[in-house]
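J.: Predicted coordinates and the sequence they were generated for:
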Amino acid sequence: MTVEIRPIGPDEVDPWIRSLHVPFLAKADNDGVAHWVDHLEIGRTWVAADAGRFVGTSCVFTRDVTLPGVPGGLAPTVPLTAVSGVGVHTTHRRRGILSRMMGTMMSDAIDRGEPIAGLLASEAAIYGQFGFGWATSTVELSLPRRTTHLTHDAPALDLVLCGAKEAESRLPKLFDRFRLQRSGQVDRNPAYWKNVFADPKSMRPTGTSERFFAVCDDGYVAYRPSNHWDSGNPNVLHLDELFGVSPDAEAALWQYLLSVDLVDTIVAGRPVDEPIRWRLADPRSLAVTGLKDMLWIRVLDVPTALTARRYRTEGRLVLEVEPAPTSVDKHGEARPDPAAGRWVLEVGPDGSSCRSARAGERQELRLGVSELGAALLGGQDLRSRASAARVAELVPGALERADAIFATTPAPFSSTGF
Ligand SMILES: CC(C)(COP(=O)(O)OP(=O)(O)OC[C@H]1O[C@@H](n2cnc3c(N)ncnc32)[C@H](O)[C@@H]1OP(=O)(O)O)[C@@H](O)C(=O)NCCC(=O)NCCS
């Protein structure tokens, strides 16, 4: 194997971005290049080079993610190794280059003491073998605006429609409050927001307008309508984000959206426990058109990850975590999975501990590291995975106990792409 995996230098950012666009079936335009330039962290951006030619890319953003909390308090956050920019050129695919880049990124994360990694997958079949588990979901909803009514008027909010400049001064602060209310939310850096407000034409979904913002002290909506009102085609309002400090505030934001004249249909990707259905005069009118995986989580340091989140119930569990099927270093040599082993987790509303099991402490539940990553954020039950032969209950009752321990509300949700 002559392909070398190495970090890029500052003068290699442009060719790295152009190389990344190839496996994503695109040519890099100026907006795409500018977007990546702002995001990339030198030292956490790698290339696979074959005789100097770039044939693969990957990078990590240093972020944090909200974990489950307990009622009445803000949820904790933990550093997240946010994997992105993964691509291998067709000329070099299926030779283990992604596996080696993944090994490089995970070793770097472990050296930095980061306990979990996360990513958004282009295809859901790719990352399970590296120990990532589907941790948060987005439900895709569609609502016929003209015939939809709430059973009761939501409270009025002091909403203003504002341009990007005003939104820039208000949305990031609001989002920082909201992201601590839900497990699964990844923080946003200035580069992320810059792109939201710049809203370059070339990065808008086909046929949609610029992004609109309606904001008040209690929440905001960001959306883009398609603009076909003069051609007789139905107009669709694509909801990007809707956050309110309370369920009532969120209902008021929905009411605002239902008042946008000329719109026929509202489409939105929302948390799986989106409550608006139960405020509709006709609850059936809110159609579920899809369910998507969003954040995939890979646990690297089991004790740190499991004790960083909060638990609502008392319990003890001995877990046997199996290694990911593919775990190699940057040279393609097998390396031990840092999450594998037998772990004793003891939890309660006031705190938790996690340590390696001692001799004689019998394992109660056997699961892959990807199942542990899925369960960590509290949105995936282990019983259904046991029914799919992905989790084994070794002691009767352990499965029910595990699901009670890991459960959380509200449902995890991730609304930040990276
Ligand atoms: C996905 C991609 C990066 C894989 O790179 P690669 O170097 O070919 O991957 P590897 O050779 O290291 O494959 C490792 C394992 O993953 C499997 N795998 C790779 N891509 C896969 C895919 N798209 N679906 C299912 N399995 C896949 C391989 O078969 C291999 O399994 P094996 O060890 O059992 O043989 C590459 O196909 C690509 O660039 N795709 C287009 C862009 C993209 O989707 N990127 C991911 C963004 S999240």
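T.: The structure has been received and is ready for your questions. Numbers count the residues shown, from 1 in each chain.
J.: in the lowest-mean-pLDDT helix or strand in the chain, what counts as buried?
T.: The weakest-scoring helix or strand in the chain, judged by mean pLDDT, DSSP states H and E, is helix 30-39 (a mean of 89). Judged by neighbour count using 16 or more other C-beta atoms under 10 Å, the buried positions of helix 30-39 are 32, 34-36, 39. Placement of C-beta: from N, CA and C, glycine included.
J.: Mind giving me the packing neighbours of whichever helix or strand comes after it?
T.: Per DSSP states H and E, helix 30-39 leads on to strand 45-50 as the next helix or strand towards the C-terminus. Applying 3 or more C-beta pairs under 8 Å, 6 or more residues apart in numbering; DSSP states H and E, one finds that strand 45-50 makes contact with strand 4-7, helix 13-21, strand 53-66, helix 97-111.
J.: Val391 against Gln363, yeah?
T.: No - Val391 lies out of contact with Gln363 (C-beta atoms under 8 Å); the separation is 12.0 Å.
J.: So between the two, which is more surrounded?
T.: Neighbours per residue, other C-beta atoms under 10 Å: of Val391 and Gln363, the larger number sits with Val391, 24 against 19.
J.: ok, Leu382 - how many residues close by?
T.: By other C-beta under 10 Å, the burial measure for Leu382, its neighbour count, is 23.
J.: Quick check: phi and psi at it.
T.: Phi and psi for Leu382, reported as degrees, to the nearest 10, are phi -80, psi -20.
J.: That one: what's it in contact with?
T.: Listed by C-beta atoms under 8 Å, 6 or more residues apart in numbering, the contact set of Leu382 reads 365, 367, 371, 375, 391, 399, 402-403, 406.
J.: Compute the distance between the residue nearest the centre of the chain and Ala222, please.
T.: Closest to where the C-alpha atoms of the chain average out (C-alpha atoms, centre = their mean) is Leu295, at 2.9 Å. Noted for Leu295: a distance of 20 Å to Ala222, by C-beta to C-beta, to the nearest Å.
J.: Kindly indicate which of the contacts of Leu382 lies nearest Val88.
T.: The closest of the contacts of Leu382 to Val88 turns out to be Glu371 (C-beta to C-beta; 26.7 Å).
J.: Tell me how many other residues surround the closest one.
T.: 25.
J.: Checking the most far-flung residue of the chain relative to its centre next. Helix, strand or coil?
T.: Using C-alpha atoms, centre = their mean, the residue of the chain lying farthest from its centre is Gly360. It sits 38.0 Å away. What DSSP: H, G, I helix; E, B strand; the rest coil gives for Gly360 is coil.
J.: same thing with Leu257?
T.: Leu257 - assigned by three-state DSSP - is helix.
J.: Excluding residues flanking it in the chain, which one is nearest it?
T.: Ile266 (5.7 Å; C-beta to C-beta, 6 or more residues apart in numbering).
J.: count of neighbours near that neighbour?
T.: 22.
J.: gap between it and Trp36?
T.: Taken as C-beta to C-beta, the span from Ile266 to Trp36 is 31 Å.
J.: residues making contact with stretch 239-253?
T.: Taking C-beta under 8 Å, 6+ apart as the rule, stretch 239-253 contacts 150, 154-157, 159, 174-175, 177-178, 211, 214, 218-224, 254, 257, 266-270, 275-276, 279, 415.
J.: if you set the cut-off to 6 Å instead, what comes out?
T.: 154-155, 157, 178, 218-219, 221-223, 268, 275, 279 (C-beta atoms under 6 Å, 6 or more residues apart in numbering).
J.: just to revisit the earlier point, closest to the ligand out of the helices and strands packed on strand 45-50?
T.: Closest of these to the ligand is helix 97-111, at 3.4 Å (criterion: C-beta to the nearest ligand atom).
J.: quick one: is the closest one near the ligand?
T.: Yes - using C-beta under 6 Å from any ligand atom, helix 97-111 reaches the ligand at 97-99.
J.: CA atoms only: put that helix into PDB for me.
T.: Written as PDB, here are the backbone C-alpha positions of helix 97-111 (Å, rounded to 0.1, in the frame of the first residue of the first chain):
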ATOM      1  CA  ILE A  97      -8.500   3.900   3.000                       C
ATOM      2  CA  LEU A  98     -11.600   5.000   5.000                       C
ATOM      3  CA  SER A  99     -10.800   2.400   7.600                       C
ATOM      4  CA  ARG A 100      -7.300   3.800   8.000                       C
ATOM      5  CA  MET A 101      -8.500   7.400   8.100                       C
ATOM      6  CA  MET A 102     -11.100   6.400  10.700                       C
ATOM      7  CA  GLY A 103      -8.300   4.800  12.800                       C
ATOM      8  CA  THR A 104      -6.300   8.000  12.500                       C
ATOM      9  CA  MET A 105      -9.200  10.200  13.600                       C
ATOM     10  CA  MET A 106     -10.100   8.000  16.500                       C
ATOM     11  CA  SER A 107      -6.500   7.800  17.800                       C
ATOM     12  CA  ASP A 108      -6.300  11.500  17.600                       C
ATOM     13  CA  ALA A 109      -9.500  11.900  19.600                       C
ATOM     14  CA  ILE A 110      -8.300   9.400  22.200                       C
ATOM     15  CA  ASP A 111      -5.000  11.300  22.600                       C
END
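J.: what's the span of stretch 337-351 from first residue to last?
T.: 27 Å (C-alpha to C-alpha, to the nearest Å).
J.: these two touch, right, the residue nearest to Leu257 and Arg145?
T.: Yes - assessed by C-beta atoms under 6 Å, Ile266 is found in contact with Arg145 at 5.5 Å.
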